[in-house]
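Chemist: Following is a predicted model, sequence given first.
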Amino acid sequence: MGFGTVIVTIFAVTLLVVATFVIMSILFDSTDMISTSFKDMKENSNEQLKTEISVSNIIAKASNINVTLNNTGHVKITDFQNIDVLIRYYSCSDSETSNIKWIPYTEDSPPASNTWTDNGISPDIINPGILDPDEAMNMWIKVDPPVWNQSENNWLQITTPNGVSASSYFNGNGA
């Protein structure tokens, strides 16, 4: 009878050691994952602090809106697919009716209705096709219905993939 108690005790101690090992390895993996997440979050925040953009030269004529997006920060902007363009504009003389749209990126030129494309970066000597610091990208936005030519309360916001945005009001008379 004493031998059975010893076997049960050895089994219980072994089970306790294995359970402790499993719990500790899960705890170490979780701690590692959390510290990696904090590191990534810090890097993303640092990138956001270094990213700056500005919107200028908005020219809206009917369905075509041309915008100059200036990279005034210290971070390259590469992923045009993930740049968000939001626009609120009036398409008729009724000042109560506005269109609010999210405009996705397309590589097609000319862009289809309710899309935008990169219409050139200048100067684009370093890293062609990437919006480097101190470069400007001409964006061609095509909307449907067209912008009303007398509206002065249209609004455009551009947001980079890391969450930095710039916005501006524009009028619809092409000026």
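Modeler: Looks like it came in fine. Just so you know, these numbers come straight off a predicted model, no measurement behind them.
Chemist: and Val18, how far is that from Gly4?
Modeler: In this structure, Val18 and Gly4 are 21 Å apart, going by C-beta to C-beta, to the nearest Å. Using the backbone N, CA and C atoms, a C-beta is placed for each residue, glycine as well.
Chemist: Any idea how far the helix or strand hosting Ile23 is from the middle of the chain?
Modeler: For Ile23, the element it lies in under DSSP states H and E is helix 2-50. The chain centroid and the centroid of helix 2-50 are separated by 34 Å under C-alpha atoms, centre = their mean, to the nearest Å.
Chemist: Show me what counts as buried in the helix or strand just after it.
Modeler: Remark: after helix 2-50, the chain's next helix or strand is strand 53-61, criterion DSSP H and E. By neighbour count with 16 or more other C-beta atoms under 10 Å, strand 53-61 contains the buried residues Ile53, Val55, Ile58, Ala60.
Chemist: Who does the second one form a beta bridge with?
Modeler: Partner residues in beta bridges with Val55: Leu69, with DSSP bridges as the criterion.
Chemist: hang on, the earlier thing: turn the buried residues of strand 53-61 into JSON lines, including distance to Asn70.
Modeler: Converted to JSON lines, the buried residues of strand 53-61 look like this (distance: C-beta to C-beta, whole Å):
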{"residue": "Ile53", "distance to Asn70": "6"}
{"residue": "Val55", "distance to Asn70": "8"}
{"residue": "Ile58", "distance to Asn70": "12"}
{"residue": "Ala60", "distance to Asn70": "18"}
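Chemist: of all those, which comes closest to Phe170?
Modeler: Ile58 (3.8 Å; C-beta to C-beta).
Chemist: Spatially nearest residue to the closest one, not counting backbone neighbours?
Modeler: Excluding the flanking residues, the one nearest Ile58 by C-beta to C-beta, 6 or more residues apart in numbering is Phe170, at 3.8 Å.
Chemist: ok, Phe170 - contacts?
Modeler: Ile58, Ala60, Ile65, Asn154, Trp155, Leu156 (C-beta atoms under 8 Å, 6 or more residues apart in numbering).
Chemist: The fourth one is in contact with Ile87, isn't it?
Modeler: Yes - the pair Asn154 and Ile87 qualifies as a contact (C-beta atoms under 8 Å) at a distance of 7.4 Å.
Chemist: Outline the domain layout of the protein.
Modeler: Taking automatic domain parsing as the domain assignment, the ranges for the chain are 1-50, 53-170.
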